[in-house]
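**Student:** With the sequence up front, the predicted model follows.
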Amino acid sequence: MDFYLGIDFGTSGARAVVIDESAHIQVQVRYPWLEVDSLVSSWQKALLTLLGQIPEQLRREIKAIAINGTSSTVLLCDANGNPVDTPLLYNDGRGSIVLNELRDIAPANHTVLSATSSLAKLRWMMQLPSFGEARYFLHQADWLGFLLHGKLGISDYHNALKLGYDVEKLQYPEWLESLQLPIHLPKVLPPGTPIGEVSPEISQQFLLPPDCLVCAGTTDSIAAFLASGAKSPGEAVTSLGSTLVLKLLSHTPVEDVRYGIYSHRLGDLWLTGGASNTGGAVLREFFTDAELENLSREIDATKASELDYYPLLKVGERFPINDPNLPPRLTPRPENPAEFLHGLLESIARIETQGYELLQKLGADSLNQVYTAGGGAKNPTWNAIRQRNLKVPVISSLNTEAAYGSALLAMGR
Ligand SMILES: Nc1ncnc2c1ncn2[C@@H]1O[C@H](COP(=O)(O)OP(=O)(O)O)[C@@H](O)[C@H]1O
Ligand SMILES: O=C(CO)[C@H](O)[C@H](O)COP(=O)(O)O
């Protein structure tokens, strides 16, 4: 029997899922980030540890692998694929200082005109002393794929969107090519396209078949969409992970950088959406997962909390307000922890609702139901609060793990 491996590199950790030809899960393993390592060494350690945790008899039958990373997490590498500096994570807003320069280069209202876009990060990185050694600009998923197949500088059009890649014409646009940037931008393939076989070293080290294919990957929120089972325009997936990410499947794309809205291509349809900096990471600042579960049970989801927060860990928001200077709003904080949590869950639900209303106002298909992915999906109280705000059914996903979606991508689904 053939098996397929999906690996999700998220904010709080990495996860791997192996499925069989009927998409049934055979094994799933997790690797939480440890503070001790540098980013790239923790990514590499996670990749190799997760591979090693898959039972040998399954590894020997894996036919294809796909990896998703967090979107617009980027790094510079030398000619051998060695990172030359620290990566910039998806929500890093240092690109804000180059936005005026980008506005003179890119078309008005283009997705790259965000402080956290991959192109803004690249322009910021160009002033680093280490840039002189850099030969490739890669996304997290591209570099991790390279560790397995050994081919440097290959990406997918989901990860490449925020670099400025034109996902309608399937090419880098003229205005970007004409910059003649002194670095290789990745070659871009459709997500799930086989890039090559695992390297002989990886095949021998992990007893993977020599002809095991590594495929072009995707981003974590799109992998979560693929995992959910959503298929028809009007269906949406909200990723309630460390961040809040919305994806509403539509017949037409929507792009409006004023609100941090962009659209990913999915076959001949479009995943309209955006990624907020609010989400589970803010909850984790105040509550353990066990406290979230226990305190949520004390909340009456039929009643709206009067507390009106904008839950952020630090200054800066991407969507539905695209403002690198937006401050967190987390007061007044009630004595009762359940009341405080109710305010946080309700406020994040209001941001989610505002996001979907904006997408529909700007031309996306009408929302008819919302699947949920990520760690927050397991909270029935939150799902009920969200359903009350969204006024459409909030239903359970086929699978809430992005790694399952990447395994489906590897299988060619
Ligand atoms: N019962 C719960 N209710 C709400 N949120 C939860 C619950 N359990 C975990 N979470 C949140 O899920 C998040 C982790 O989800 P996950 O999908 O692993 O995130 P990511 O992929 O972004 O790292 C944490 O930030 C945590 O706050
Ligand atoms: O918030 C994030 C991390 O979880 C990423 O930005 C997320 O992947 C959203 O980006 P995209 O819509 O391109 O997938």
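**Tutor:** Thanks, I have it. Residues are numbered from 1 along each chain as shown. Ligands and ions are numbered 1, 2, ... in the order given.
**Student:** Can you find the helix or strand in the chain with the smallest mean pLDDT?
**Tutor:** strand 394-396 (a mean of 91; mean pLDDT, DSSP states H and E).
**Student:** So Leu113 is in contact with Glu101, correct?
**Tutor:** No: counting by CB atoms under 8 Å, Glu101 is not a contact partner of Leu113; they are 10.6 Å apart. For glycine as for every other residue, the C-beta is placed from the backbone atoms N, C-alpha and C.
**Student:** Settle it for me: which of the two has more neighbours?
**Tutor:** Leu113 (22 against 11; other CB atoms under 10 Å).
**Student:** Would you double-check that that one falls in a strand?
**Tutor:** No: with DSSP: H, G, I helix; E, B strand; the rest coil as the criterion, Leu113 is assigned coil and is not in a strand.
**Student:** List the buried residues in the least confident helix or strand of the chain.
**Tutor:** With burial defined by 16 or more other CB atoms under 10 Å, the residues of strand 394-396 counted as buried are Val394.
**Student:** That strand: what's the following helix or strand?
**Tutor:** helix 402-411 (DSSP states H and E).
**Student:** So which elements touch that next one?
**Tutor:** Here helix 402-411 touches strand 3-9, strand 13-20, strand 25-32, strand 62-69, strand 213-215, strand 218-219, helix 220-228, going by 3 or more CB pairs under 8 Å, 6 or more residues apart in numbering; DSSP states H and E.
**Student:** close to ligand 2, is the fourth one?
**Tutor:** In this case it means strand 62-69. No: figure legend: strand 62-69 not in contact with ligand 2 (CB under 6 Å from any ligand atom); closest approach 8.0 Å.
**Student:** partners of the least confident helix or strand of the chain, with directions?
**Tutor:** Strand 394-396 sits in its sheet next to strand 369-373 (parallel), going by DSSP bridges.
**Student:** list the buried ones in the next helix or strand after the strand it pairs with?
**Tutor:** Sequence order places helix 380-390 as the next helix or strand after strand 369-373, per DSSP H and E. With burial defined by 16+ other CB under 10 Å, the residues of helix 380-390 counted as buried are Thr381, Trp382, Asn383, Ala384, Ile385, Arg386, Gln387, Arg388, Asn389, Leu390.
**Student:** State the pLDDT value of the fourth one.
**Tutor:** Think Ala384. As predicted, Ala384 sits at a pLDDT of 98.
**Student:** Surely it is in contact with Lys303?
**Tutor:** No: with contact defined as CB under 8 Å, Ala384 does not reach Lys303; the gap is 10.7 Å.
**Student:** And Ser155, how close does it get to Pro191?
**Tutor:** 10 Å (CB to CB, to the nearest Å).
**Student:** so what sits against both of those two?
**Tutor:** Jointly contacting Ser155 and Pro191 under the rule CB atoms under 8 Å, 6 or more residues apart in numbering are Ala216.
**Student:** Strands along the stretch 151-300 of the chain, start to end?
**Tutor:** Using DSSP state E, counting those that start in this stretch, the strands of the stretch 151-300 of the chain run over 154-156, 187-189, 194-197, 213-215, 218-219, 235-240, 244-250, 262-266, 269-276.
**Student:** how close does the residue lying closest to Ser155 once chain neighbours are set aside sit to Phe137?
**Tutor:** The shortest distance from Ser155 to any non-neighbouring residue, by CB to CB, 6 or more residues apart in numbering, is to Pro186 (3.6 Å). Note on Pro186: its distance to Phe137, by CB to CB, is 7 Å.
**Student:** next one: Asn159
**Tutor:** From Asn159 to Phe137 the distance is 11 Å (CB to CB).
**Student:** These two: who's more crowded?
**Tutor:** Asn159 (31 against 25).
**Student:** Now the closest residue to the more buried one other than its chain neighbours: phi and psi?
**Tutor:** Closest residue in space to Asn159, ignoring its immediate chain neighbours: His139 at 4.1 Å, by CB to CB, 6+ apart. Dihedral angles of His139 (phi, psi; degrees, to the nearest 10) stand at phi -90, psi 160.
**Student:** switch to numbering from 312
**Tutor:** In the new count, where the first residue is 312, that last one comes out as His450.
**Student:** Please list all residues in contact with His450.
**Tutor:** So His450 contacts Gly380, Ser382, Ser383, Thr384, Val385, Ser429, Ser466, Asn470, Ala471, Leu474, Pro497 (CB under 8 Å, 6+ apart).
**Student:** Quick check: the residue of the stretch 312-461 of the chain nearest ligand 1.
**Tutor:** Gly321 (2.6 Å; CB to the nearest ligand atom).
**Student:** And the pLDDT for that residue?
**Tutor:** 95.
**Student:** quick one: it and Ala713 touch, right?
**Tutor:** Yes: here Gly321 reaches Ala713: they are 6.6 Å apart, a contact under CB under 8 Å.
**Student:** residues from the stretch 562-711 of the chain in reach of ligand 2?
**Tutor:** So the stretch 562-711 of the chain meets ligand 2 at Gly584, Ala586 (CB under 6 Å from any ligand atom).
**Student:** for the stretch 312-461 of the chain, same thing?
**Tutor:** Thr322, Thr381, Ser382, Ser383, Tyr401.
**Student:** now with 5 Å?
**Tutor:** Residues of the stretch 312-461 of the chain that fall close to ligand 2, judged by CB under 5 Å from any ligand atom: Thr381, Ser382, Tyr401.
**Student:** Shouldn't the last one be within a helix?
**Tutor:** No: per three-state DSSP, Tyr401 lies outside any helix segment and is coil.
**Student:** Might you report the residue contacts of the closest residue to it other than its chain neighbours?
**Tutor:** What sits nearest to Tyr401 in space, not counting adjacent residues and going by CB to CB, 6+ apart, is Thr381, at 4.3 Å. By CB under 8 Å, 6+ apart, the residues touching Thr381 are Phe320, Gly321, Thr322, Leu400, Tyr401, Gln451, Thr530, Asp531.
**Student:** Just among those residues, which is most surrounded?
**Tutor:** Asp531 (33 neighbours).
**Student:** give the contact list for it.
**Tutor:** With CB under 8 Å, 6+ apart, Asp531 has these contacts: Asp319, Phe320, Gly321, Asn379, Gly380, Thr381, Ser382, Ser550, Gly552, Val556, Ala713.
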